[in-house]
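> just the structure for this:
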Amino acid sequence: MAQTRPGAPAAAFVVMPSSPRVALLIAYNYPPSREVGTQRTLRFERYLPEFGWTPCILAPRAADLVTAPPAGRDHDPPRVYRAPVWRPLQAAVRWRNRLRRASTRAVERAAPAAHGPAMAARPSFVNRWIDPWFTTPDDAVGWVCPAVKRGLRAVRESKPCVLYTTGPPHSAHLLAALLTT
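Below is the predicted model of the structure:
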């Protein structure tokens, strides 16, 4: 139902929705992240209420980001849903490196003088064949699976009218596509 503002001319009116419109902002870069893309989401978050929208944020856990000290805000922060970031490729590389160090130490203990360089330089199987599976469409793809679960909770609780994504990383757009289905 349309209502007129007090003191406004009869021809001018503002539509006052019965319930607030909610926008779910899906952003990989969100405070306390240091990335430049953080500013875009912060500006949307700040100015959407002036146009009758309530922002709700879906972002990675702060512990999984390169962070900066918290900056003071001149507005109330919205509801923020945080999801962990899985990094299976980094875990696999750390595991592989531990195995290599352990095997190198075992070889050096067995024959310390006769042993040359432990590993020859060669293209890594992980970098060549496995890395593309874990980094498509980008390095932030490990955020998508945990964020789908948290995003479904955000959709259930806040009932957004709009999903807004920002990138890069483009995994945020993939996440929005999964949440809309």
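> show me the helices in the protein, by range?
Ranges of helices in the chain, per DSSP state H, are 38-47, 88-110, 125, 131-134, 144-158, 171-180.
> need those helices in JSON lines (columns: mean pLDDT).
Below are the helices of the chain laid out as JSON lines (pLDDT from 0 to 100):
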{"stretch": "helix 38-47", "mean pLDDT": "89"}
{"stretch": "helix 88-110", "mean pLDDT": "71"}
{"stretch": "helix 125", "mean pLDDT": "65"}
{"stretch": "helix 131-134", "mean pLDDT": "68"}
{"stretch": "helix 144-158", "mean pLDDT": "92"}
{"stretch": "helix 171-180", "mean pLDDT": "91"}
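> of those, which stretch is the most buried?
Among those, the stretch with the highest mean neighbour count (mean count of other C-beta atoms under 10 Å) is helix 171-180, at a mean of 19. Where C-beta positions appear, they are placed from N, C-alpha and C, glycine not excepted.
> what's that helix packed up against?
Judged by 3 or more C-beta pairs under 8 Å, 6 or more residues apart in numbering; DSSP states H and E, helix 171-180 is in contact with strand 21-27, helix 144-158, strand 162-166.
> CA atoms of that helix as CSV?
What follows is helix 171-180, C-alpha atoms only, in CSV (Å, rounded to 0.1, in the frame of the first residue of the first chain):
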residue,chain,number,x,y,z
SER,A,171,33.5,-18.6,-7.1
ALA,A,172,31.1,-16.1,-5.5
HIS,A,173,29.0,-16.2,-8.7
LEU,A,174,29.1,-20.0,-8.7
LEU,A,175,27.9,-19.9,-5.1
ALA,A,176,25.0,-17.7,-6.0
ALA,A,177,24.1,-20.0,-8.9
LEU,A,178,24.0,-22.9,-6.5
LEU,A,179,21.9,-21.0,-4.0
THR,A,180,19.3,-20.0,-6.6
